[in-house]
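A.B. asks: attaching a predicted model along with its sequence, questions to come.
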Amino acid sequence: MIEKNEEYILEIVAQGYEGEGIAKVEGYPIFIQGALIGECVRAKITKVKKSYAYGRIEEIIDISKDREEPKCTNYKRCGGCSIQHMNYKKQLDFKWDRVKDCVSKIGGLSKDIVNYPLGMDSKPYRYRNKVQLPIGKVNGEIVIGFYAPRSHNIIDLNVCLIQDKVADNVANLTKKWIKKNNIEPFTLDGEFNPKGILRHIMIRRGFKTGEVMVVLVATTEKVPYIEEFKEIILENIEGVKSIILNVNPNNTNVILGEKCITLYGDDTIQDYIGDFKFNISPLSFFQINPIQTEVLYNKALEYAGLTGNETVFDAYCGAGTITLFLSQKSKKVYGVELIEQAIINAKDNLKENNVDNVEFFVGKSEEIIPKLIEDNIKADVIVVDPPRKGCDIKLLEAIGKVKPLRIVYVSCDPSTLARDLKILENQGYQTVEIQPVDMFPQTSHVECVVKLQRKL
Ligand code: SAH
């Protein structure tokens with residue numbers, strides 16, 4: 001019997017999907033954050049449930065050769081980089097195993113079709129081009145940082161090693177400005193009793209252009225000392241092209257509200273992926289690791305196997321980034337995306353890049369694509385890049401009807417990917433190859449791009 005608050009000497013026999021170590025006592029699993037497979041640890045049990053428990057490392061007795069001392073001083077408190085204690089090779093091995101596990105257990109497919117992850121050639125730090133940091137108050141002190149794991153407690157961060165340095169600087173300047181002027185951060189004092197006005201600070205930086213966007217998210221348009229905020233940012237931060245006040249009065253966890261007021265400069269910043277130039281607004285989805293995005297998109301383009309004569313559907317197209325990549329080598333591409341603002345950006349991006357063989361639609365892929373099929377538009381290749389919950393079954397069924405030669409599936413969740421691959425296999429497709437790409441080093445997230453081919 002495992003008991004709460006007791007200490008046990010445990011062998012780590014497996015690695016969980018979020019990178020946690022798993023020990024087993026007579027088959028009963030104990031999850032231990034920060035422990036590596038092969039290690040022996042002394043752990044204190046923090047939570048006991050019917051079919052599993054959680055423990056905390058007190059001492060590592062046998063240390064894995066794959067362990068690396070986390071570079072970040074906030075590693076233990078912050079919920080962000082849950083696998084920073086693995087060296088980079090081990091991180092890639094871990095992601096590889098995770099994909100193989102999902103593909104075989106959930107998808108019923110062979111592990112042999114999963115390639116080794118493509119990791120970052122440069123240092124796997126400072127890669128994020130966008131950060132959204134909550135602003136709060138802890139023990140009367142203003143804090144800006146990240147949420148602690150599984151909580152709404154904000155950890156104050158002066159430095160975050162996976163975000164662009166400019167974000168550290170903007171966050172620290174913002175904190176000083178709030179303290180000096182005594183402005184209240186937004187808190188939910190009980191469920192229905194919101195107080196304060198400042199919610200988040202968001203920073204975006206174009207990787208190739210160096211253009212910086214600073215977005216202050218507040219509950220109201222009337223933020224005191226906002227002129228001073230603008231001046232502080234402009235005086236101290238290089239490359240600022242846009243300062244925006246985003247108004248979000250809602251009592252939700254959603255970070256951004258719908259209304260954006262441009263306080264300085266342009267409504268958007270620009271950046272490149274490959275040779276394409278993109279306009280990025282506060283609300284647009286744009287991949288956050290620009291170096292690895294090119295790796296991912298080039299792989300998607302390779303898997304699409306285009307010769308210039310094909311009609312392509314790009315479902316879940318966001319601001320049309322993959323769409324533009326595909327347009328280089330196809331006759332016509334149809335992009336479909338749920339968020340209207342993203343499609344407004346996508347159309348802008350078409351103009352910006354003088355591309356004329358793309359058409360965009362706003363709506364659900366599972367509704368628009370069946371309509372395109374009804375209108376007798378035949379796709380030779382379909383690309384899907386859904387959010388974590390994967391593709392809607394209606395979309396997969398529609399794909400089964402139109403029977404394109406190839407499908408390229410870009411996924412940010414190996415579990416839902418594996419589920420969908422199984423469905424597509426049953427609809428006459430063969431999963432040829434799965435390529436994980438490490439878009440989010442130091443975290444347990446795994447991105448994959450998959451090539452499927454119609455069985456003859
Ligand atoms: N392919 C893009 C965006 C991928 S993120 C890129 O690489 O940048 C997934 C996108 O799917 C988001 O933009 C989200 O708004 C959109 N989305 C979510 N559900 C959708 C649905 N049912 N139909 C169409 N788009 C959807």
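C.D. replies: Looks like it came in fine.

A.B. asks: what's the neighbour count on the residue in the stretch 201-350 of the chain positioned nearest to the ligand?
C.D. replies: As assessed by CB to the nearest ligand atom, the ligand sits closest to Gly318 within the stretch 201-350 of the chain, at 2.8 Å. (Each C-beta comes from the backbone N, C-alpha and C, glycine too.) Neighbourhood size, Gly318 [other CB atoms under 10 Å]: 21.

A.B. asks: show the pLDDT at Thr307.
C.D. replies: Thr307 carries a pLDDT value of 97.

A.B. asks: what's the closest non-adjacent residue to it?
C.D. replies: Distances taken as CB to CB, 6 or more residues apart in numbering place Lys329 nearest to Thr307, at 7.1 Å, with adjacent residues excluded.

A.B. asks: returning to what we had before: pretty sure the residue of the stretch 201-350 of the chain closest to the ligand is in a strand, no?
C.D. replies: No: under DSSP: H, G, I helix; E, B strand; the rest coil, Gly318 sits outside any strand and is assigned coil.

A.B. asks: list the contacts of it.
C.D. replies: With contacts taken as CB atoms under 8 Å, 6 or more residues apart in numbering, Gly318 has the following neighbours: 284-286, 337, 339, 342, 346, 385.

A.B. asks: do that again at 6 Å, thanks
C.D. replies: Residues counted as contacts of Gly318 (CB atoms under 6 Å, 6 or more residues apart in numbering) are 285, 337, 342.

A.B. asks: I figured the second one hits Ile343, correct?
C.D. replies: Yes: using CB atoms under 6 Å, Glu337 makes contact with Ile343 at a distance of 5.3 Å.

A.B. asks: between those two, who's got more neighbours?
C.D. replies: Between Glu337 and Ile343, Glu337 has the larger neighbour count (other CB under 10 Å), namely 27 against 22.

A.B. asks: coming back round to it: the closest residue to the residue of the stretch 201-350 of the chain closest to the ligand other than its chain neighbours - how many residues pack around it?
C.D. replies: Spatially, and ignoring its direct neighbours in sequence, Gly318 is nearest to Phe285 (4.4 Å; CB to CB, 6+ apart). When neighbours are counted by other CB under 10 Å, Phe285 registers 18.

A.B. asks: what's the answer for the one 10 residues further on, then?
C.D. replies: Residues lying near Val295 (other CB under 10 Å) number 20.

A.B. asks: was I right about it contacting Val437?
C.D. replies: Yes: at 5.5 Å, Val295 counts as touching Val437 under the criterion of CB under 6 Å.

A.B. asks: between those two, what contacts are shared?
C.D. replies: Common neighbours of Val295 and Val437 are listed as Leu118 (criterion: CB under 6 Å, 6+ apart).

A.B. asks: quick one: low-confidence ranges for this structure?
C.D. replies: 188-193 (pLDDT under 70).

A.B. asks: so which bits of it are right by the ligand?
C.D. replies: 285, 287, 316-318, 321-322, 336-339, 342, 364-366, 385, 387, 392 (CB under 6 Å from any ligand atom).

A.B. asks: which PyMOL command selects the buried ones in these?
C.D. replies: To isolate the buried ones among the residues of the chain next to the ligand in PyMOL, judged by 16 or more other CB atoms under 10 Å, type:
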select buried, resi 285+287+316+317+318+321+322+336+337+338+342+364+365+366+385+392
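
A.B. asks: take the residues of the chain next to the ligand and keep only those in helices.
C.D. replies: In this view, the residues of the chain next to the ligand that belong to helices under DSSP state H are 321-322, 342, 365-366.

A.B. asks: excluding chain neighbours, what is closest to Ile63?
C.D. replies: Glu39 (6.4 Å).

A.B. asks: so what's the residue count around the one you found?
C.D. replies: 21.

A.B. asks: assumed Gln292 was part of a helix.
C.D. replies: Yes: membership of Gln292 in a helix is supported by three-state DSSP.

A.B. asks: relative to the ligand, how far out is the closest residue to it other than its chain neighbours?
C.D. replies: For Gln292, ignoring the flanking residues on the chain, the nearest one in space by CB to CB, 6+ apart is Met439 at 4.7 Å. With distances taken as CB to the nearest ligand atom, to the nearest Å, Met439 is found 10 Å from the ligand.

A.B. asks: same check, this time on Pro149
C.D. replies: From Pro149 to the ligand the distance is 24 Å (CB to the nearest ligand atom).

A.B. asks: that residue belongs to a helix, doesn't it?
C.D. replies: No: using three-state DSSP, the secondary structure at Pro149 is coil, not a helix.

A.B. asks: got a list of what it touches?
C.D. replies: Contact partners of Pro149, counting by CB under 6 Å, 6+ apart, are Gly79.

A.B. asks: go again using 8 Å as the cut-off
C.D. replies: 33, 78-79, 82.

A.B. asks: quick one: the helices in the stretch 301-450 of the chain?
C.D. replies: 321-327, 340-352, 365-374, 393-402, 414-426 (DSSP state H, counting those that start in this stretch).

A.B. asks: out of those, flag the one nearest His152.
C.D. replies: Proximity to His152, assessed across the helices of the stretch 301-450 of the chain by CB to CB, is greatest for helix 414-426 (25.5 Å).

A.B. asks: packing partners of the closest one?
C.D. replies: helix 88-105, helix 393-402, strand 406-411, strand 429-437, strand 447-454 (3 or more CB pairs under 8 Å, 6 or more residues apart in numbering; DSSP states H and E).

A.B. asks: quick check: Lys100 touching Ser110?
C.D. replies: No: in this structure, Lys100 is not within contact of Ser110 by CB atoms under 8 Å, at 9.3 Å.

A.B. asks: okay, the two: which has more neighbours?
C.D. replies: Ranked by neighbour count (other CB under 10 Å), Lys100 and Ser110 place Lys100 first, with 19 against 11.

A.B. asks: residues contacting the spatially closest residue to the more buried one that is not a sequence neighbour?
C.D. replies: Of all residues not flanking Lys100 in the chain, Lys111 sits nearest, at 4.1 Å (CB to CB, 6+ apart). By CB under 8 Å, 6+ apart, Lys111 lies in contact with 100, 103-104.

A.B. asks: for Lys111, give its distance to Val358.
C.D. replies: According to CB to CB, to the nearest Å, Lys111 stands 37 Å off from Val358.

A.B. asks: list the contacts of Asp93.
C.D. replies: Asp66 are the contacts of Asp93 under CB under 8 Å, 6+ apart.

A.B. asks: relative to Tyr116, how far out is it?
C.D. replies: According to CB to CB, Asp93 stands 9 Å off from Tyr116.

A.B. asks: the strands in the stretch 151-300 of the chain, which residues?
C.D. replies: 154-156, 187-188, 194-195, 198-205, 212-218, 240-247, 259-265, 269-273, 276-280 (DSSP state E, counting those that start in this stretch).
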